[in-house]
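Trainee: next come a sequence and a model predicted from it.
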Amino acid sequence: AADTMRLAVTTSFHNSGLSDILIPAIKEDTGIEVQLLVVGTGQALKLGRQGDVDAVLVHSKKAEEQFINEGFGTRRTEIMYNDFVFIGPKADPAKLADVKQAQVALKSIAATKSPFVSRGDESGTHKRETSLWKGAGLDTETLDSSWYREVGAGMGAALNIASGMNAYILADRASWLNFKNKGSLALLSWGDPVLFNQYALLTLNAEKHPHIKSGLSKKLEAWLVSERAQKLIGTYEIDGQTLFVPNAKKVDAS
Amino acid sequence: MVSTLLPIRLEEAVVSKRSKILVGPVSTSIDAGGPTMIIGPNGAGKTTLLRLIHGLERARRGQVVFAEPDINEVRRKQSFVFQKPIMLRRSALDNVIYPLSLRGVPKAEAKQSALAMIERVGLKGSEDTRATFLSGGEAQKLAIARALVTKPDLLLLDEPTASLDAQAMRDIEALIQQAVLDGVEIIMTTHDMGQARRLANNIIFLHEARLLENTEANLFWEKPQSDEARRFVDGEIV
Amino acid sequence: MVSTLLPIRLEEAVVSKRSKILVGPVSTSIDAGGPTMIIGPNGAGKTTLLRLIHGLERARRGQVVFAEPDINEVRRKQSFVFQKPIMLRRSALDNVIYPLSLRGVPKAEAKQSALAMIERVGLKGSEDTRATFLSGGEAQKLAIARALVTKPDLLLLDEPTASLDAQAMRDIEALIQQAVLDGVEIIMTTHDMGQARRLANNIIFLHEARLLENTEANLFWEKPQSDEARRFVDGEIV
Amino acid sequence: MADILAALSQAFWLLVSFDADLMEIVWRSLSVTVSAVVIASLIGLPFGAWIAVRRFRFRRYVIAIINAFMGLPPVVVGLVVYILLSRSGPFGVLNLLFTPTAMVIAQVIIILPILISITHQSIRDLWANYHDLLISIGTSRWQRVVTLLFDARRALLTAVLAGFGRAIGEVGAIMIVGGNIDHVTRVLTTAIALETGKGDFSLALALGIVLIIIAVVLNLLIHTISKTEREGTW
Amino acid sequence: MADILAALSQAFWLLVSFDADLMEIVWRSLSVTVSAVVIASLIGLPFGAWIAVRRFRFRRYVIAIINAFMGLPPVVVGLVVYILLSRSGPFGVLNLLFTPTAMVIAQVIIILPILISITHQSIRDLWANYHDLLISIGTSRWQRVVTLLFDARRALLTAVLAGFGRAIGEVGAIMIVGGNIDHVTRVLTTAIALETGKGDFSLALALGIVLIIIAVVLNLLIHTISKTEREGTW
Ligand SMILES: Nc1ncnc2c1ncn2[C@@H]1O[C@H](COP(=O)(O)OP(=O)(O)OP(=O)(O)O)[C@@H](O)[C@H]1O
Ligand SMILES: Nc1ncnc2c1ncn2[C@@H]1O[C@H](COP(=O)(O)OP(=O)(O)OP(=O)(O)O)[C@@H](O)[C@H]1O
Ligand SMILES: [Mg+2]
Ligand SMILES: [Mg+2]
């Protein structure tokens, strides 16, 4: 169909299941059929650079801004945010259940040398995690690999590994709630503002890649920030919990 | 030593492949004492009959009964020399050692008797040639050596001298006659009526899958019963 | 029609495999007119010599020169019947049709001449049997049919009658003699001195890879030059 | 273990209920893989036979390299194909990326080596039988290849089936060049990978079981049609 | 295209500089794969030969199923092994999950079918030659298997090499059971997948090139040692 466009998104976004709500709605309102490519953050941006997708939806501010500065994207539009949460064994050796601040949590994990699974794939989630460690005054490079397990894998795979090792892990709430292989893991700590996780849409620059359907991606952008979309996002919930907070500023659809 | 395998009784035995009858129904008995020669035109069923006796072909109907009741004994005590020699992808020597090693004969001993046997069939010097490289005649000789080295009670030979030179043929025939003296029972096929006359004690004549005669050799040569046999023998160029 | 291939000159030709000399050095000439028979004990090198002439073995030293200069012609005009028949995994009929179809003979025509040839070698009735199932003799006949069906100028036969019955042997010999009358050149090996006497016009005697004689048949039978040959001939049982 | 039992019943239900989505990706899996196998066979079988009959100087090296290429990691193949088909790549204009065609291309590359290698091996044995005869009859090299392929057709089934197996179960490459887009390039294996990522093991396993069932049925079918392993056939 | 060129030079530098990390994962890749191939061969070769010589009633079905299992999706194998080895699984106590051992187990399962299938095929041809003789000499079934395996050893190389290829290039299963943990279970293919996810295609390709080079060298080595494809060897 003429009105199909390709959107590269991160695993964490797709795992949330929100896309299953939005895609049909988009088709309904705009007639655009959005084809999702679910890949790692880095790969998503790479696809963008190569001009193989028309838009990118990720959550890694620095990387996104660089992408714009390099001129691959025309605009970065914040759509919504959700939050990262600390998952860990129900036994909770590091006593995360009682702490709110991410830094404290990480410090006590390190102190108790409790196994911790790191994405280690330079995805948005991983970048956030490393910055948090830094904030806690710890350098991931120097952490002892006997408990700090850097697994290079996507969100789902990493959660599987954590559940297999009964280890702590930093995940986005959406992925966790939709995750079926919870095993003996539980949601332990959340709420620290530093854990907020901003999603943004990058529309590609047609000057770099003439074939890009910038028209459609503009439409998509406009739709995502529209009343209806923002409402859909805000009301999407899994077992009683809302996952995303829409925070789009109105953009002039020029 | 006297063979415990013979007499062999064939009772209405039939071998057929996809509805084509290759041999039979055959009802006869092959008795001890002296070589039995199976003769007949190409495609008569000689090879098939030998294979049936040896147990390589299953009787579609009827059966083959050995004097010896223990079937494993029966198997162990026979050797077969195929019309188209089957060479293991090994040296000539290893081909002859193989059956011995299967029977758990110690290496050194096996090698010794293998070498002796290779010499007797006139292959001295080719021990280390790969069996698959041997010439037609050499391969046939090697097959015979491999068959004899296990000292079988019953020896089944399918045209063993077909592509041997005169000298070799005499050697092999001598070997066969010696074996007979040692009490080894022999059933063989041949197209060489001269050879049949020289060696046969009994003649089995096959024609188009049917067994037409199984008689004492002299009688057969004097006057065959069936006129197929007569024509076959007259057809001979001597 | 007269063959354009012969005479064949062998010049110091040697065939050797990993330092073992199989034939040669041979320097001789095989001339037109009547079958040339290569005889000699097992392992003398008869098959190898035939294969060398046919181009299946490369001369390690020396060379083989045909009267016909065009090498492709030389190839196309020969047929070879192997000592160990090679059967294509197809029906007997398709085996004979195969060389014709390669030469682009129309299907119907090919089938016709194939059937005719199969009948001539006495395999009528086995057309549809899978070639690999044929009996030893039948396979040999089929190989001969497959060789003749392309009407070669030069026919190389390696013990073509080794496992044929008397009748079949006479038929094949008749076929060969007919071919000779039709001007087909024939080089063949045999262990059957009777056959050699019946068919041979020239005799090549090989012994331990060396060519000891290449003479007119009668002369050879009267008195062989080399005493190896003499012993070989005396060794005969007639 | 619970997962495995759950998976079995789930697979059963998916199949008996002719789940529409399932049928769709099953169909896509089959059409992609079968196309790949057909194309690869057309290239691989003749080539495999050709190396068997041809005695050229670097034969052994060619064979060694082909064997080595059986080890091509699908992901790498996927990457290369991606780069070639990418809009910024040489064939970008064809706009094949993230289409089933791209997946077929990747699979062809992946299964070619195994097809060639197995073909070469089984042809080699037959060639050893036929060699003297085919040379003697004066066949052209091409005629030899045809004859051998024809007479060895039963043995070549193993090659083709091995290729099919490798292709139907492959995920790394087609994930990259296909993109696992719902209703467009999603096939059984990519769906399995997706569900695994969601931690939904029983569904992932169920899909795996479906895939195996398909493969088994297909193999039985082919074996039965082609009457392999029957007494007295070649 | 730029990626590909970049990859080539990068691969070159990685190799000449004996990059420590690279050497580590290369070494791990090899040790895991080789162990898997050895174990699978010990099981697969005899079994493949056994089906070839044994004429049991459901032979054709067993063969069809083994061929089908060549299509086992690695991800599925990974899942099953994961479930079996996970704490809650029957073998949880062994604590093998996310260890190289687990990866070996998964790979053995993945390459067994192809090993068996190719072995069966090449043995079958030899068995057709030997059949009458071995029966006539009165060999036990086991003696037949040994004899055939021994005399067909050259042809069996293809089987083993195919297994090696499949194993060294495999990623889906070992990713799940190994976890691609840095310095513990990271091997070439999982590293490639990781870099791909990061979008660093040129590094991913470079690693792929390294992997191929290793495979080629190894194949050449084996071919040379075992003198296959030499004139006049079987
Ligand atoms: N599997 C088969 N299917 C059909 N016919 C077969 C099969 N095997 C053998 N035959 C036929 O059975 C007949 C008997 O074969 P056999 O080998 O016993 O003959 P033979 O007497 O040994 O002939 P020869 O003297 O040429 O060796 C032959 O005509 C052959 O074509
Ligand atoms: N590849 C090889 N390597 C070593 N020796 C070989 C090879 N091929 C053949 N030979 C030997 O060469 C000799 C000649 O073989 P050839 O087949 O020409 O003999 P022949 O005269 O045909 O014997 P026969 O009458 O038994 O057919 C034989 O002793 C054989 O063992
Ligand atoms: Mg016979
Ligand atoms: Mg010969």
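Mentor: Yes, it's here. Ligands and ions are numbered 1, 2, ... in the order given.

Trainee: C-alpha from now on. contacts and neighbour counts both.
Mentor: Fine.

Trainee: so where's chain A uncertain?
Mentor: Scanning chain A for pLDDT under 70 picks out A:1-2, A:250-254.

Trainee: what's around residue 157, how many residues?
Mentor: I went with chain A, as the question did not name one. 23 (other CA atoms under 10 Å in any protein chain shown).

Trainee: um, chain D though
Mentor: By other CA under 10 Å, 19 other residues sit near D:Leu157.

Trainee: what sits against the residue nearest the centre of chain B?
Mentor: In chain B, the centroid-proximal residue (CA atoms, centre = their mean) is B:Leu157; its distance is 1.6 Å. Neighbour list for B:Leu157: B:Phe80, B:Val81, B:Phe82, B:Gln83, B:Ile186, B:Ile187, B:Met188, B:Thr189 [criterion: CA atoms under 8 Å, 6 or more residues apart in numbering or on different chains].

Trainee: how about B:Ile38?
Mentor: B:Lys46, B:Ile187, B:Met188, B:Thr189, B:Thr190, B:Ile203, B:Ile204, B:Phe205, B:Leu206.

Trainee: same check, this time on A:Lys231
Mentor: A:Pro246.

Trainee: what about the residue nearest to the centre of chain B, distance to B:Met37?
Mentor: From B:Leu157 across to B:Met37, the span is 9 Å (CA to CA, to the nearest Å).

Trainee: name the residues contacting each of those two.
Mentor: In contact with both B:Leu157 and B:Met37: B:Ile187, B:Met188, B:Thr189, using CA under 8 Å, 6+ apart.

Trainee: the helix or strand that contains the first one pairs with which strands, and in what direction?
Mentor: Pointing back at B:Ile187 there. Using DSSP states H and E, the element containing B:Ile187 is strand B:185-189. With DSSP bridges as the test, strand B:185-189 is paired with strand B:36-39 (parallel), strand B:154-158 (parallel).

Trainee: can I get the contacts of B:Leu157 in JSON lines including distance to ligand 2 and pLDDT?
Mentor: Shown next, in JSON lines, are the contacts of B:Leu157 (distance: CA to the nearest ligand atom, whole Å; pLDDT from 0 to 100):
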{"residue": "B:Phe80", "distance to ligand 2": "20", "pLDDT": "93"}
{"residue": "B:Val81", "distance to ligand 2": "16", "pLDDT": "93"}
{"residue": "B:Phe82", "distance to ligand 2": "16", "pLDDT": "93"}
{"residue": "B:Gln83", "distance to ligand 2": "14", "pLDDT": "89"}
{"residue": "B:Ile186", "distance to ligand 2": "24", "pLDDT": "92"}
{"residue": "B:Ile187", "distance to ligand 2": "24", "pLDDT": "93"}
{"residue": "B:Met188", "distance to ligand 2": "20", "pLDDT": "93"}
{"residue": "B:Thr189", "distance to ligand 2": "19", "pLDDT": "94"}
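
Trainee: which of these are buried?
Mentor: B:Phe80, B:Val81, B:Phe82, B:Gln83, B:Ile186, B:Ile187, B:Met188, B:Thr189 (16 or more other CA atoms under 10 Å in any protein chain shown).

Trainee: return the set of residues that bridge with the nearest residue to the second one once chain neighbours are set aside.
Mentor: Leaving aside its chain neighbours, B:Val81 sits nearest to B:Leu157 (4.8 Å; criterion: CA to CA, 6 or more residues apart in numbering or on different chains). In this structure, B:Leu157 has beta-bridge partners B:Val81, B:Met188, where bridges are defined by DSSP bridges.

Trainee: farthest pair within the buried ones among the contacts of B:Leu157?
Mentor: Farthest pair in those (CA to CA) is B:Gln83 and B:Ile186. Separation: 15.4 Å.

Trainee: now A:Ala94: phi and psi?
Mentor: phi -90, psi 10 (degrees, to the nearest 10).

Trainee: thought it was touching A:Ser114?
Mentor: Yes - with contacts defined as CA atoms under 8 Å, A:Ala94 counts as touching A:Ser114 at a distance of 6.7 Å.

Trainee: now do A:Gly51 against chain E, distance only.
Mentor: The gap separating A:Gly51 from chain E is 14 Å, by CA to the nearest CA, to the nearest Å.

Trainee: mind listing what that residue touches?
Mentor: A:Leu204, A:Lys208, A:His209, A:Ile212, D:Ser86, D:Arg87, D:Ser88.

Trainee: measure the nearest residue to the first one once chain neighbours are set aside to A:Asn205 for me?
Mentor: Closest residue to A:Leu204 in three dimensions, ignoring its sequence neighbours and counting by CA to CA, 6+ apart: A:Gly73, at 4.1 Å. Here A:Gly73 is placed at a distance of 5 Å from A:Asn205 (CA to CA).

Trainee: what about those two, which has more around it?
Mentor: Taking neighbours as other CA under 10 Å, A:Gly73 and A:Asn205 compare with A:Gly73 leading, 26 against 22.

Trainee: mind checking how far the more buried one is from ligand 2?
Mentor: According to CA to the nearest ligand atom, to the nearest Å, A:Gly73 stands 72 Å off from ligand 2.

Trainee: quick one, phi/psi of that residue?
Mentor: Main-chain dihedrals, A:Gly73, degrees, to the nearest 10: phi -120, psi 150.

Trainee: quick check, the helix or strand hosting A:Met5 touching chain D?
Mentor: For A:Met5, the host element (DSSP H and E) is strand A:4-10. No - between strand A:4-10 and chain D, judged by CA under 8 Å from any CA of the partner chain, nothing touches; the nearest distance is 9.3 Å.
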